[in-house]
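I'd like to go over a predicted model; first the sequence, then the structure.
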Number of protein chains: 2
Amino acid sequence: MESTFAIIAEPSRRAILSLLASSERSVGDIEERLKLPQPSVSKHLRVLREAGFVESRIDAQRRLYRIKPEPLMEIDAWLAPFRRFWSVHIDALERHLDQMNPVPRNKGKKR
Amino acid sequence: MESTFAIIAEPSRRAILSLLASSERSVGDIEERLKLPQPSVSKHLRVLREAGFVESRIDAQRRLYRIKPEPLMEIDAWLAPFRRFWSVHIDALERHLDQMNPVPRNKGKKR
DNA sequence: CACGCATATACCTTTGACGGTATATACGCT
DNA sequence: AGCGTATATACCGTCAAAGGTATATGCGTG
């Protein structure tokens, strides 16, 4: 499980993260809300913990999990260069500039 | 290849997107810059195109690929609920509030 | 129309993530 | 100590994504 991005490719893991976005939760709590088998929840939480997305604190038999934001911030940062596409304004400008200054045709002189 | 998130789990695909962030590029261009085998580039581009991350335009024998922002916007939107963790300020406040109003201990009455 | 370049696709193999089931560990309470 | 609850881990089978190689398609040019 290499990258940060691979971690959130899993739908159940995203669901868990979204749940934890609102508040700290126990494993059983997550299990119940997401209707997932308990071992599945534990395994996903392990992956999330090892990747730094969550941390747990012990409360008697229960473990309460909460968000650790760093990896999500990393994803947010990766998105930065693309944000200029968000606005239709800038998007339109972009297309226009591309037409003004097209990629030079490679006439097969290389390779 | 279900979700948007699974698409960008692949490092080469992220690299391709990052390349395209700066400008439209041909397959050969991408191949050269990323030192990837050509079929690999074509395959990744296919996945990206089918998922709506890029679109291509024909220029003689070449295909020029460019970013289509929608799926990336979707990811950006998914991140929204987590942004409140970004600032240390709000983060510290959050931890404080959690301590003030802890998750009620489930005393085993259910399940 | 034949050749070369640019790109796409087909096919095969490998690998590792995921789900399921069973079991282990840890803790609290009586 | 013994039982029930809460969570973690081990083990196993499956399946699909990714890489590699070979080949097909499309286009422009001499």
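On my side now, so go ahead. This one's a predicted model, so the numbers in the text were calculated from it and none came from an experiment.

Run through the helices of chain A in chain order.
All helices of chain A, identified by DSSP state H, fall at A:4-7, A:11-22, A:27-34, A:38-50, A:70-79, A:88-100.

Buried ones in the third one, by neighbour count?
Read that as helix A:27-34. By 16 or more other C-beta atoms under 10 Å in any protein chain shown, the buried positions in helix A:27-34 come out as A:27-32, A:34. No exception for glycine: its C-beta is placed from N, CA and C like everyone else's.

can you list those residues in TSV and add distance to residue B:61 and pLDDT?
As requested, the buried residues of helix A:27-34 are exported to TSV (distance: C-beta to C-beta, whole Å; pLDDT from 0 to 100):
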residue	distance to residue B:61	pLDDT
A:27	56	98
A:28	60	97
A:29	58	97
A:30	53	98
A:31	55	97
A:32	57	96
A:34	50	97
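
And for residue A:1, the neighbour number?
Look at residue A:1: counted by other C-beta atoms under 10 Å in any protein chain shown, it has 10 neighbours.

Contacts only, for the closest residue to it other than its chain neighbours.
Excluding its sequence neighbours, the residue lying closest to residue A:1 (C-beta to C-beta, 6 or more residues apart in numbering or on different chains) is residue A:47, at 6.1 Å. For residue A:47, the contact set (C-beta atoms under 8 Å, 6 or more residues apart in numbering or on different chains) comprises A:1, A:7, A:10, A:13.

Same question for residue A:64.
Counting by C-beta under 8 Å, 6+ apart, residue A:64 has contacts A:24-26, A:56-58, B:103.

repeat that with 6 Å
The contact partners of residue A:64, by C-beta atoms under 6 Å, 6 or more residues apart in numbering or on different chains, come to A:24, A:26, A:57.

of those, buried ones?
Taking 16+ other C-beta under 10 Å as the criterion, what is buried in the contacts of residue A:64 is A:24, A:26.

among the contacts of residue A:64, which are in reach of DNA strand D?
Residues of the contacts of residue A:64 in contact with DNA strand D (C-beta under 7 Å from any atom of the strand): residue A:26.
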